[in-house]
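> the sequence and its predicted three-dimensional model are supplied below.
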Amino acid sequence: MLSLRIPRHSARLFIVAMTIAVAMIVTRPASATIMQFLEIEDLTRLSSDVFHGQVISTDTRWNAERTHIYTSVRVRIIESFKGATRRDQIVTVTQPGGEKDGLRMDYAGRPEFAVGESVVLFTIRGKNDDFIVVGLKQGKMLVERGEIVRDFSGIMLVKRPSGGRSLRPVTPRSTRLTMEELRNRIARAR
């Protein structure tokens, strides 16, 4: 009868190696859009118009060539922080992506809208008298019970340290702030 003796440290290495191999096989890669982290002040400087509003409708449509899907979001302005929008004005926010005729065109980090939600939007003016959200999800913030909520799901945030050449992952300090804090930060950045 033949007997094999495997030293203990080799057996442990074998178990560790097999665990890693199995983990690599069964885990799926996560998908996320990588983008530069934008503070409220950065978003404000990049935007032509910043406002608080309520989503009153959404409409998804094809472009003329039927090659791209766009979502139009109608928003009633509650308060304008920057730009020429005014209270009770209804504006259209247009963005690429959405679902139409059973087809979905999407990308990680795209802000999504639901009728009735209260939002703060950081936008630039588009070609067709519409608005475009700045910074993907970073430029859309929910308003819940007077508090601003930032949603960073689906995006990996990076920042270049001052004087540095490489980008480093960032975990935002806070995803919530008061409406008053938001107003003050926008006013300081204008």
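Happy to help now that I have it.
> surely R110 is within a strand?
No: counting by DSSP: H, G, I helix; E, B strand; the rest coil, R110 is located in no strand; its state is coil.
> these two touch, right, it and R104?
No: using CB atoms under 8 Å, R110 makes no contact with R104, being 11.0 Å away. (Glycine included, C-beta is placed from N, CA and C.)
> compare the two (neighbour count), which wins?
The neighbour comparison of R110 against R104 (other CB atoms under 10 Å) goes to R110, with 19 against 10.
> mind listing the strands for the protein?
With DSSP state E as the criterion, the chain has strands at 33-36, 49-62, 69-82, 90-96, 98-100, 103-105, 118-125, 131-133, 140-144, 147-150, 155-159, 168-169, 176-178.
> can I get those in a markdown table including distance to A189?
Shown next, in a markdown table, are these (distance: least, CB to CB, whole Å):
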| stretch | distance to A189 |
| --- | --- |
| strand 33-36 | 16 |
| strand 49-62 | 9 |
| strand 69-82 | 9 |
| strand 90-96 | 21 |
| strand 98-100 | 31 |
| strand 103-105 | 33 |
| strand 118-125 | 11 |
| strand 131-133 | 17 |
| strand 140-144 | 15 |
| strand 147-150 | 15 |
| strand 155-159 | 17 |
| strand 168-169 | 23 |
| strand 176-178 | 14 |
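> among the ones you listed, which is nearest L43?
Closest approach to L43 among those is made by strand 118-125 (4.2 Å; CB to CB).
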